[in-house]
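> Generate coordinates for the sequence data below:
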Amino acid sequence: MNKTEFVDQIAKRADLSKKQAEAAYDAVVATIVDALKEGEKIQLVGFGNFEIKEKPSREVFNPLTKQKQQLPASKVPNFKFGKSFKSMFWWNTGTCSLFFLFISTWRQKRQWLIHCFFLCDLCEM
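Below you'll find the predicted structure:
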């Protein structure tokens, strides 16, 4: 899905015009970028976290010149999905969930009943 298709979906779901949906999209992206530029961490509960991570300087090998070079420290944007967002995709795999049930009961025998109820609700079995 590209930006245009994404904006169309926003317009349909929120009952907005395409111009309003695009303005909302642009506002969200600009807000995230501005907050990251200021060094803030953005936590969207149920979705994920945006933050800036600092990479230390490191030594790398250039295969063309066969010399070691020093890369300076840098800052990179990072996004980490939240647990509840990830679980929407991981648990809906059917047989995989049952396999996980048996492995986890083997490792933690006391909690097998909790896993059973948890997985059956999410797998819709």
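> Give me the distance between the residue nearest in space to the middle of the chain and Lys75.
By CA atoms, centre = their mean, the chain has its centre lying nearest to Phe81, at 2.5 Å. Distance, Phe81 to Lys75, by CB to CB, to the nearest Å: 21 Å. For every residue, glycine as well, the C-beta is placed using N, CA and C.
> just checking, what packs against the longest helix along the chain?
The helix that spans the most residues within the chain, counting by DSSP state H, is helix 18-37. Counting contacts by 3 or more CB pairs under 8 Å, 6 or more residues apart in numbering; DSSP states H and E, helix 18-37 packs against helix 3-14, strand 42-44, strand 48-55.
> Show me which positions of that helix end up buried.
For helix 18-37, burial by neighbour count (16 or more other CB atoms under 10 Å) applies to Ala21, Glu22, Ile32, Leu36.
> by how many degrees do it and helix 3-14 diverge?
Between helix 18-37 and helix 3-14, the angle comes out at 110 degrees (axes from the mean of the first three to the mean of the last three CA atoms, to 10 degrees).
> Residues contacting helix 18-37, please?
With contacts defined as CB atoms under 8 Å, 6 or more residues apart in numbering, helix 18-37 is touched by 3, 6-8, 10-11, 14, 16, 42, 50-52, 77.
> same thing with stretch 47-67?
32, 35-36, 39, 41-44, 68-82, 85.
> For stretch 23-43, give the mean pLDDT please.
Over the span of stretch 23-43, the pLDDT mean works out to 93.
> Please state the offset of that stretch from the chain centre?
Relative to the chain's own centre, stretch 23-43 is displaced by 16 Å; criterion: CA atoms, centre = their mean, to the nearest Å.
> Would you mind putting the CA coordinates of it into PDB?
Extracted in PDB, the C-alpha atoms of stretch 23-43 (Å, rounded to 0.1, in the frame of the first residue of the first chain):
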ATOM      1  CA  ALA A  23      -4.100  16.800   5.700                       C
ATOM      2  CA  ALA A  24      -4.600  14.500   8.700                       C
ATOM      3  CA  TYR A  25      -1.900  12.100   7.400                       C
ATOM      4  CA  ASP A  26       0.600  15.000   6.800                       C
ATOM      5  CA  ALA A  27      -0.100  16.400  10.300                       C
ATOM      6  CA  VAL A  28       0.600  13.100  12.000                       C
ATOM      7  CA  VAL A  29       3.800  12.500  10.100                       C
ATOM      8  CA  ALA A  30       5.000  16.100  10.700                       C
ATOM      9  CA  THR A  31       4.200  15.800  14.400                       C
ATOM     10  CA  ILE A  32       6.200  12.500  14.700                       C
ATOM     11  CA  VAL A  33       9.100  14.000  12.800                       C
ATOM     12  CA  ASP A  34       9.200  17.200  14.900                       C
ATOM     13  CA  ALA A  35       9.000  15.300  18.100                       C
ATOM     14  CA  LEU A  36      11.900  13.000  17.100                       C
ATOM     15  CA  LYS A  37      14.000  16.000  16.000                       C
ATOM     16  CA  GLU A  38      13.500  17.400  19.600                       C
ATOM     17  CA  GLY A  39      14.700  14.000  21.000                       C
ATOM     18  CA  GLU A  40      11.300  13.000  22.400                       C
ATOM     19  CA  LYS A  41      10.000   9.400  22.500                       C
ATOM     20  CA  ILE A  42       6.500   8.800  21.100                       C
ATOM     21  CA  GLN A  43       4.500   6.000  22.700                       C
END
